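In: structure, please.
(one chain, ligands or ions: 1)
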Amino acid sequence: MAHDNTRYLKTKIKNRKAVIGIIGLGYVGLPLALAFAKKGFNVIGIEIDKDRVKNIKKGVSYITDISNGALRDALRKRTFQATSDSKLIRKLDAVIICVPTPLGKDREPDISYIRQAVTKVKDNIRKGQIVVLESTTYPGTTREILLPILESGGLKEGKDFYLIFSPERVDPGNESYRTENTPKIIGGISRRSTEIAKLLYDQIISEVVPVSSASAAEMVKLLENTFRIVNIALVNEIALLCEKFGMDIWEIIDAAKTKPYGYMPFYPGPGVGGHCIPVDPLYLSWKAKEHGFETKFIDLASSINESMPQNVVERLEKLLADRKKTLDRSNILLLGISYKKDVKDLRESPSIGVITILQKRRAKLSYYDPYFPFLKLNGIDMKPIKLDKRELEGFDCALVLTDHSGIDYRFLASNLKLIFDTRNIFGRLGIKSRNIVKL
Ligand code: SAJ
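Out: Sure thing, here's the model as predicted:
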């Protein structure tokens, strides 16, 4: 029986008649939904946030990398619809879970969104369905948490349904690598599940890479992001050392990256933000502790990155002191608050850390970020400014925290008394001036 099921399912996938469901239409789910829709699949997005569903129905995208045009195209072709009704799961041939995996209040993994999503799947599951988890999580989640829930109604994985982990690899704002051309890792609970998932993702992604298990696929993702957090922390520490030595870290990195092998540039900054890099490695260290293993690298990297906002404020304080000023009597302009350039996302943004410290030090704060026309932080309304000459002249120092594109940095350089540039955006644009100080 299972064999016939699988054959029928494979045929539906190959002729793109399989109905695809995406649970969670965020920066991972919405691009994935449109990637399937573009290939002619009928896609149902199941999104708990009713405002998001409303926006999608109006053809208004809330994801930086998805244009309204792309969204409207899929809606017009009727290959994509959004709903909050999870009962539609029973109509699906494949259900792909793309929900957040944040940290709880004690910085431990919070997989409540995964549990909610997989319970909805369990309540509506039927024979022959493919269930994929894409949310980044600790190794073992798919096997230890999802499998028992989905088999609790008596269905058997690998026979009645297929369960796979496939990590999302989305780099918001990256123009070169999109869903379709970023290699995709897949790992099933059973071999048959891996095989089915390969066929499914082969329809939309040019390179699909099977690994031996769901846990292996979960671990691949965590190695990728741990690699990043550790290397960013390393370059942040070297930057602090270069400041002591009176050296220009940006010159050192630019020279080091001429090495054609065995080196990869990372850049210092005010800290590490986003919902992945500062978070995912802590999922791994949490799981490691269950096995009595202490992940020293991850713990050290997290603490170095988390200390960067304080280091930035201390450096700013010194710059002001050199000009006989103190923080509590200074007017500071924060340039950019997103966690990284050209995205609208404040999650774990280092700017929040910097602003919180400056608020405590009673500095007078204003900000400019084209993605945030207003900002309320720690209960305080932050004042957005217009980048005009009169406004700029009133600041004792401007602090570049996010190097958004499309800003007239030359105009800023000629109208600000002092700029502390933690991203070296001015250096990269070849704008040199005595009033610009780099991290
Ligand atoms: N950062 C630095 N120095 C660097 C690189 C990054 O300070 O050299 C900071 C950024 O400013 C940002 C944070 O680290 O605050 C995270 O940067 P990121 O480029 O990793 O950005 P994310 O989290 O949006 O995207 C990442 C993906 N990025 C890249 O591979 C370049 C990738 O790590 C994951 O596929 C993705 O998160 C995810 O969803 O896991």
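In: and the protein, which of its residues are near the ligand?
Out: 136, 168-172, 225, 228, 232, 266-267, 269, 272-274, 276-277, 339-340 (Cβ under 6 Å from any ligand atom). In short, each C-beta sits where N, CA and C put it, glycine included.
In: for the record, mean pLDDT for the longest helix along the chain?
Out: Longest helix of the chain, by residue count under DSSP state H: helix 214-245. Mean pLDDT, computed over helix 214-245, is 98.
In: what's the answer for stretch 305-325, then?
Out: Rounded mean pLDDT across stretch 305-325 is 98.
In: and what of stretch 19-38?
Out: For stretch 19-38, the mean per-residue pLDDT is 97.
In: and it, end to end?
Out: End-to-end distance for stretch 19-38, by Cα to Cα, to the nearest Å: 13 Å.
In: in the stretch 151-300 of the chain, which spans are helices?
Out: Along the stretch 151-300 of the chain, the segments classed as helices by DSSP state H, counting those that start in this stretch run 191-202, 214-245, 249-256, 280-290, 296-321.
In: closest one to Tyr113 among those?
Out: Nearest to Tyr113, of all the helices of the stretch 151-300 of the chain, is helix 280-290, at 13.3 Å by Cβ to Cβ.
In: please point out which parts of the closest one sit buried.
Out: The neighbour-count check on helix 280-290 (16 or more other Cβ atoms under 10 Å) flags 280-288 as buried.
In: what is the nearest of these to the ligand?
Out: Of all these, the ligand sits closest to Asp280, with 6.1 Å by Cβ to the nearest ligand atom.
In: which one is the closest one nearest to, not counting chain neighbours?
Out: Leaving aside its sequence neighbours, Asp280 sits nearest to Asn225 (Cβ to Cβ, 6 or more residues apart in numbering; 4.2 Å).
In: next, the contact list for the one you found, please.
Out: Counting by Cβ atoms under 8 Å, 6 or more residues apart in numbering, Asn225 makes contact with 136, 276-277, 280-281.
In: give me the distance from the longest helix of the chain to the chain's centre.
Out: Chain-centre distance of helix 214-245: 15 Å, with Cα atoms, centre = their mean, to the nearest Å.
In: could you export stretch 213-220 as CSV, CA atoms only?
Out: What follows is stretch 213-220, C-alpha atoms only, in CSV (Å, rounded to 0.1, in the frame of the first residue of the first chain):
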residue,chain,number,x,y,z
SER,A,213,19.4,11.9,8.8
ALA,A,214,17.2,14.7,10.1
SER,A,215,19.6,15.3,13.0
ALA,A,216,22.6,15.6,10.6
ALA,A,217,20.6,18.2,8.6
GLU,A,218,19.9,20.1,11.8
MET,A,219,23.6,20.0,12.7
VAL,A,220,24.7,21.2,9.3
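In: now what about it, what contacts it?
Out: 133, 136-143, 163-167, 185-189, 211.
In: redo that, cut-off 10 Å
Out: Identification of contacts with stretch 213-220 by Cβ atoms under 10 Å, 6 or more residues apart in numbering yields 132-133, 135-144, 146-147, 163-167, 169, 184-191, 193-194, 197, 209-211, 226, 283-284, 287.
In: buried residues in that stretch?
Out: For stretch 213-220, by 16+ other Cβ under 10 Å, it's 213-215, 217-220.
In: export those to TSV and append columns for distance to Arg115.
Out: Converted to TSV, these look like this (distance: Cβ to Cβ, whole Å):
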residue	distance to Arg115
Ser213	21
Ala214	16
Ser215	18
Ala217	19
Glu218	16
Met219	21
Val220	23
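In: of these, closest to the ligand?
Out: Among these, and counting by Cβ to the nearest ligand atom, the member closest to the ligand is Val220, at 11.3 Å.
In: so how far is Asn174 from the closest one?
Out: 19 Å (Cβ to Cβ, to the nearest Å).
In: gap between the spatially closest residue to Val209 that is not a sequence neighbour and Lys221?
Out: With sequence-adjacent residues excluded and distances taken as Cβ to Cβ, 6+ apart, Val209 is closest to Ile185, at 5.2 Å. Here Ile185 is placed at a distance of 7 Å from Lys221 (Cβ to Cβ).
In: if we can go back for a sec, let me know the closest of the contacts of Asn225 to Gly104.
Out: Nearest to Gly104 among these is Asp280, at 14.4 Å by Cβ to Cβ.
In: one step back: among the contacts of stretch 213-220, which are in strands?
Out: Using DSSP state E, the members of those that fall in strands are 132-133, 163-165, 184-188, 209-210.
In: weed out the non-buried ones from those residues.
Out: Using 16+ other Cβ under 10 Å as the burial test, the ones in strands among the contacts of stretch 213-220 include 132-133, 163-165, 184-188, 210 as buried.
In: rewinding a little: which neighbours do Ile185 and Lys221 share?
Out: Jointly contacting Ile185 and Lys221 under the rule Cβ under 10 Å, 6+ apart are 165-169.
In: let me know the closest of those residues to the ligand.
Out: When these are ranked by distance to the ligand (Cβ to the nearest ligand atom), Arg169 comes first, at 4.5 Å.
In: so what's the closest one up against?
Out: Per Cβ under 10 Å, 6+ apart, neighbours of Arg169: 28, 134, 136, 177, 179, 182-185, 205, 220-221, 224.
In: how about a cut-off of 6 Å?
Out: Going by Cβ atoms under 6 Å, 6 or more residues apart in numbering, Arg169 touches Thr182.
In: could you chop this structure up by domain?
Out: 2-216, 249-438 (automatic domain parsing).
In: follow-up on the earlier one: now, the most widely separated pair of the ones in strands among the contacts of stretch 213-220?
Out: Maximum distance among the ones in strands among the contacts of stretch 213-220 (Cβ to Cβ): 18.2 Å, for Leu163 and Val209.
In: hang on, the earlier thing: just the pLDDT for the residue nearest to Val209.
Out: Looking at Ile185, its pLDDT reads 98.
In: ok, now how distant is it from the ligand?
Out: Remark: distance between Ile185 and the ligand (Cβ to the nearest ligand atom, to the nearest Å) = 11 Å.
In: does that residue touch Val208 like I think?
Out: No. Contact criterion Cβ atoms under 6 Å: Ile185 and Val208 do not qualify, at 8.3 Å.
In: Throw the contacts of Asn225 into a markdown table and include pLDDT and distance to Glu348, thanks.
Out: As requested, these are exported to a markdown table (pLDDT from 0 to 100; distance: Cβ to Cβ, whole Å):
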| residue | pLDDT | distance to Glu348 |
| --- | --- | --- |
| Thr136 | 97 | 14 |
| Cys276 | 92 | 9 |
| Ile277 | 93 | 8 |
| Asp280 | 94 | 11 |
| Pro281 | 94 | 12 |
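In: nice, that's everything, thank you.
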